[in-house]
Each structure stands twice: as structure tokens, then as C-alpha cells.
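Peer 1: build me a model from this:
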Amino acid sequence: MGKSTKRRGGWGWLGLIALLTVLPWVILLAWLGLVPGLSDLMGLNEAKDLGVKVSVNDARTFESKSGIQLDKVKRDMFSVAAPLTSGQDKGQTAGQPPGTSGPAGRTRTPSPMRIARPANLTLSQEELTAVLNQAGSGLIPMKDMQVKLGKNTVEVSGKLDTSRLGEFLGRVGVKPQNIERISQMVSVIGGELPVYVKARGGVENAQLNLQFEQMRVGNLELPTEKIAGGIRSDLRGKLGNSIRSVTFQNGALDFAGSLPAEWFGAAPKPR
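Peer 2: Numbering: from 1, shown residues only. Down below sits the predicted model:
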């Protein structure tokens, strides 16, 4: 492939949840101006319990009905590089010299164009929680996640791994100078930061539209008007052209689009 060829990432709904979960906290941490010792004062200890109970069977059920193998997803998530802009070398991350990639400037081997496979999936909130905790850890800098789904609403709680935040921000295209500033700011907090967000919306015709209804860091309720505009984005040509629609219903998520073919094993079983 030519040097100007873009690598087509295939995050799909994993990428959507990643953006939904992490990006609001980048904005809010900047607004808070956190200082040493504030975590204890705010009661930052455990993430909010959403009451979503997960077992090993939830991940197995997802694999059985989708044909997706979570081990393959996890390996792929750990290998996903930062998005490239037109004219960059395939081993070059935005804002870095040719031949480097990622926050540490590591050299990577150019990857071939990814092949997408159509996917129409319905996931229970338990399955989604299991998948994110098992396979999404390579992409999302969070642990102990819970996802609760309602009518056009999604709630996410978990512990943000601040040591991996810079790596994630580089992957989604944040400028290096901003990554450094944010990383310095959150370094005073410690290794983990419990967060909670509730949003309304979804994806329709490749258009992402999310409005935030509630946000919490530890026990501190945050004013949602700080990002009153929510998140709106045209997903065409992004995330590997993989998201056509995402809708939330009571206890389930419906996804329509495409996912990387290398995530799949045998053909999914008829439902």
C-alpha cells in the first residue's frame, strides 16, 4: 500500500464505549483542576455499583451467538495504533517524526488494509460488560467496568487507569502537547480514579449523538452543563467505517455495521 493509505481501524462498539467513557473525563478533569490529596477528600474509592452481575457464561454466550473470539479481539485491541492522517507514513503517529508511533515513539511495522465483515448484533448489558472487561482492556484504560442499558440511555462506571490515559489519548488522535498536559494533571490523583457517566442517545445513519445527563467522580456530582453540547460526530470513514447504528434498549444494545474479519472464528450460529 502507498504511504498515504490509511489504516482502517475496526473498533466498532468497543470504540464507541471507549469514547463515551473516557473523553468526558478528560474535559472534566481539566475543569476540576485536581490537586494532591483531593481524591481522599472527595471519597474517591470505589466505582458506582450499577447492579449488573456478570459471570463467565456471559462472555461465552456472546462468542457463541456472534462468532467473535474474544482472544482475537483482545490481541487486536493491544495492537491498534493511533489513527493516521493523509500524507503520513504508515508507521507515523500524528505530531511525531516518520518511523515512530505511540506516546513513546516506538517504531511499528506498517499494517495491511483491514477487511471488514458485516455484523448485526444484540448484546445484553451483562454480555457487553463481560466483553469490555475481558477484551476491551487493550483499548480502554478502565477496569471493573459495569454497563447498564435503558431506553435510549447508557450508564457506565469503572475505575480509570490514569497511567494508561496518555496512551489512549494518542490512539484517538489527541495532540501530543495536550496529552502531556493532561497526563501531568492526572498524575497527582494516583493510579485509579472511579468514574460514572450517564448519557442519552446513540448512533443513527453513522451519526453519533450523545447528551450527558449525569457525571460523577468518586462521590462528587459534576455539573453536566460543562459539556452541555454533548458529543456529536460523523462516523462515516472513522473507526473503520464500522458503525452504522447503535441503539440502547432496556438491558440490551443493538449494533449494526461491520467489524474486523480477523475477530471472527467460525460462522455465527443461527439465532
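
Peer 1: pull out the buried residues from the longest strand along the chain.
Peer 2: Secondary structure of the chain read by DSSP state E shows that its longest strand is strand 192-204. Within strand 192-204, the residues scored as buried using 16 or more other C-beta atoms under 10 Å are 192-203. For every residue, glycine as well, the C-beta is placed using N, CA and C.

Peer 1: quick one: the following helix or strand past it to strand 192-204, angle?
Peer 2: Reading on from strand 192-204 to the C-terminus, the next helix or strand found by DSSP states H and E is strand 207-217. In terms of direction (axes from the mean of the first three to the mean of the last three C-alpha atoms, to 10 degrees), strand 207-217 departs from strand 192-204 by 160 degrees.

Peer 1: just checking: what are the partner strands of strand 207-217?
Peer 2: Note on strand 207-217: by DSSP bridges, its sheet partners are strand 192-204 (antiparallel), strand 220-222 (antiparallel), strand 231-234 (antiparallel).

Peer 1: I'd like the ones you listed laid out as a markdown table, including distance to A130 and mean pLDDT.
Peer 2: A markdown table is the format used below for the strands paired with strand 207-217 (distance: least, C-beta to C-beta, whole Å; pLDDT from 0 to 100):
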| stretch | distance to A130 | mean pLDDT |
| --- | --- | --- |
| strand 192-204 | 19 | 86 |
| strand 220-222 | 28 | 71 |
| strand 231-234 | 25 | 68 |
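
Peer 1: returning to that earlier point: then the longest strand of the chain to PDB, C-alphas only?
Peer 2: Output in PDB follows, covering the C-alpha atoms of strand 192-204 (Å, rounded to 0.1, in the frame of the first residue of the first chain):
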ATOM      1  CA  GLU A 192      -7.100   4.700  39.600                       C
ATOM      2  CA  LEU A 193     -10.000   7.100  39.500                       C
ATOM      3  CA  PRO A 194     -13.600   5.900  40.000                       C
ATOM      4  CA  VAL A 195     -15.900   7.500  37.400                       C
ATOM      5  CA  TYR A 196     -19.500   7.300  36.400                       C
ATOM      6  CA  VAL A 197     -21.400   8.700  33.400                       C
ATOM      7  CA  LYS A 198     -25.000   8.500  32.200                       C
ATOM      8  CA  ALA A 199     -25.800   9.600  28.700                       C
ATOM      9  CA  ARG A 200     -28.800   9.500  26.300                       C
ATOM     10  CA  GLY A 201     -28.600   9.000  22.500                       C
ATOM     11  CA  GLY A 202     -26.900   6.500  20.200                       C
ATOM     12  CA  VAL A 203     -25.800   6.300  16.600                       C
ATOM     13  CA  GLU A 204     -28.200   6.600  13.600                       C
END
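
Peer 1: go through stretch 48-68 and flag the buried ones.
Peer 2: By 16+ other C-beta under 10 Å, the buried positions in stretch 48-68 come out as 48, 50, 52, 54, 58-59, 61-63, 65-68.

Peer 1: please flag which of these sit within helices.
Peer 2: Of the positions in the buried residues of stretch 48-68, 58-59, 61-63, 65-66 sit in helices, assigned by DSSP state H.
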